[in-house]
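Asker: Mind folding the following:
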Amino acid sequence: MDTKETLLSSGKVGIALARLELFLEDSNQELLQQLEANAAVHLPQLSRQMRQSPGKIKRQLDQLKAAGFVYSPKRFPKGYARNSIKCVKIGLSATALVQGDKL
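Answerer: As a prediction, this is how the structure comes out:
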């Protein structure tokens, strides 16, 4: 196996593990459950629902958005929605990884 190929594979594994850790954090799971898949929810509404500061929730949303778990719909650019497909893919990949299957 080529060294370059090994580094690429380990880099991909590192990114996958970072995304999985972000996805599995309890606070992020709670936030993802508050978001709706097909409807945008605005930051003040999320803040009230979760009884947390908007700043803290915004930081979480930014991390989740960078990982692809959350997006802002074009129709409501200041709203946030859960990217359910991405969440399912990460869950399936994690299950395959734990069971020893190929990603």
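Asker: Next up, the contacts around Asn28.
Answerer: The contact partners of Asn28, taken as Cβ atoms under 8 Å, 6 or more residues apart in numbering, are Leu22, Gln60, Gln63, Leu64, Phe69. C-betas here are computed from N, CA, C, even on glycine.
Asker: Please pull up the helix or strand immediately following the lowest-mean-pLDDT helix or strand in the chain.
Answerer: Sorting the helices and strands of the chain by mean pLDDT, DSSP states H and E puts helix 3-24 at the bottom, at a mean of 71. Toward the C-terminal end, the helix or strand that comes next after helix 3-24 (DSSP states H and E) is helix 26-34.
Asker: Enumerate the positions of that next one that are buried.
Answerer: Buried residues in helix 26-34, counted by 16 or more other Cβ atoms under 10 Å: Asn28, Leu31, Leu32.
Asker: what does stretch 59-67 give?
Answerer: Within stretch 59-67, the residues scored as buried using 16+ other Cβ under 10 Å are Gln60, Leu61, Leu64, Ala67.
Asker: got it, and stretch 39-54?
Answerer: By 16+ other Cβ under 10 Å, the buried positions in stretch 39-54 come out as Ala40, Val41, Leu46, Ser47, Met50.
Asker: Let me know the pLDDT of the fourth one.
Answerer: Among the per-residue scores, Ser47 holds a pLDDT of 91.
Asker: what's the helix or strand for it?
Answerer: Assigned by DSSP H and E, Ser47 belongs to helix 43-50.
Asker: Give me the helices and strands touching that helix, please.
Answerer: Helices and strands touching helix 43-50, by 3 or more Cβ pairs under 8 Å, 6 or more residues apart in numbering; DSSP states H and E, are helix 26-34, helix 54-67.
Asker: Any idea which of those gets closest to Ser93?
Answerer: Ranking those by proximity to Ser93 (Cβ to Cβ) places helix 54-67 first, at 13.0 Å.
Asker: so where's the chain uncertain?
Answerer: 1-10, 37-38, 97-98, 100-103 (pLDDT under 70).
Asker: who touches the longest strand that it contains?
Answerer: Criterion DSSP state E: the longest strand present in the chain is strand 79-82. By Cβ under 8 Å, 6+ apart, the surrounding residues in contact with strand 79-82 are 32, 35-43, 46, 61, 65, 69-73.
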